[in-house]
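# what shape does this take:
(one chain, ligands or ions: 2)
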Amino acid sequence: MSSAVEPRRAALAKRDFRDAMARIGAAVHVVTTDGPGGRAGFTASAVCSVSDEPPTLLVCLNRAASVYPAFAANEALCVNALGAHQQALADLFGGRTPMDERFAAGRWATGLGGAPVLLDAAASFDCRIAQRSVVGTHEVMFCAVLAVTVGEAAHALVYFERRYHALPTAMR
Ligand SMILES: NC(=O)C1=CN([C@@H]2O[C@H](COP(=O)(O)OP(=O)(O)OC[C@H]3O[C@@H](n4cnc5c(N)ncnc54)[C@H](O)[C@@H]3O)[C@@H](O)[C@H]2O)C=CC1
Ligand SMILES: Cc1cc2nc3c(=O)[nH]c(=O)nc-3n(C[C@H](O)[C@H](O)[C@H](O)COP(=O)(O)O)c2cc1C
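Numbering: from 1, shown residues only. Ligands and ions are numbered 1, 2, ... in the order given. Presented below is the predicted three-dimensional model:
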């Protein structure tokens, strides 16, 4: 009896993975930090609620990003979910802009651990990075939520098919 070994399936192409991910609508955030590693922030769609006891979010950050050393050195982190009126901030924090210019475009308060909290965000989660895990190109930061701020009801900013969209509040 022959026991032919199934040929290994070729690794999924990065392009195919990204094309499929582009079909998933995601909320847009500006994730900020400050501390011994300096002030930094980047645009993120890879943010997820993990647990409400204790309240925990996760944020995935590419270790090749210019902001990575700051997030690696700091404990304070704030997840700011953007409203549709804040697309310009998403563009600025999406890369290639000097850090001072990114922060000059918004108005900020200071969170409990020192992270910049965006005024007028749809919602802000002031956090301490509690745990880190490296997966492939990214570091997954598990963030203990210390305080939240909820903004005025606004249209949400959604990233879908490589473009920004405004998601209106539901009709009553
Ligand atoms: N999770 C991440 O690290 C994300 C990174 N980006 C970066 O922003 C830039 C523009 O992206 P797009 O215009 O959406 O076109 P794209 O083709 O680079 O990305 C399409 C989708 O694939 C996913 N993706 C992209 N890069 C990824 C990465 N390195 N790791 C895991 N998932 C990734 C995201 O869901 C993204 O919306 C690119 O440089 C991209 O790498 C964008 C979205 C998420
Ligand atoms: C809509 C959007 C979502 C993004 N989401 C993520 C993310 O979840 N994680 C990540 O590491 N980078 C993400 N990026 C890319 C970072 O924002 C970008 O790499 C970061 O600003 C650092 O760029 P720099 O290295 O030029 O400073 C996203 C970019 C865009 C435009």
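# from now on I want contacts and neighbour counts done on CA atoms only, so please keep to that.
OK.
# from memory residue 138 sits against residue 68, does it?
No. The criterion here is Cα atoms under 8 Å, and residue 138 misses it with residue 68 at 9.7 Å.
# which neighbours do those two have in common?
61, 62 (Cα atoms under 8 Å, 6 or more residues apart in numbering).
# ok, the spatially most central residue of the chain to ligand 1 distance?
Closest residue to the average C-alpha location of the chain: residue 44 at 2.9 Å, with Cα atoms, centre = their mean. Residue 44 is 6 Å from ligand 1, where distance means Cα to the nearest ligand atom, to the nearest Å.
# longest helix anywhere in the protein?
If each helix of the chain is counted by residues according to DSSP state H, the longest one is helix 14-21.
# can you list the strands that the helix or strand just after it pairs with?
Next along the chain after helix 14-21, taking DSSP states H and E as the criterion, comes strand 26-27. In the sheet, strand 26-27 lines up against strand 156-160 (antiparallel) (DSSP bridges).
# mind listing residues that contact the partner strand?
Contacting residues not belonging to strand 156-160 are listed as 22-28, 45, 82-87, 122, 164-169 [Cα under 8 Å, 6+ apart].
# neighbours of residue 135, how many?
Using other Cα atoms under 10 Å, residue 135 has 11 other residues around it.
# for whichever strand or helix holds residue 80, packing partners?
Using DSSP H and E, residue 80 falls within strand 76-81. Counting contacts by 3 or more Cα pairs under 8 Å, 6 or more residues apart in numbering; DSSP states H and E, strand 76-81 packs against strand 29-33, strand 116-118, strand 123-135.
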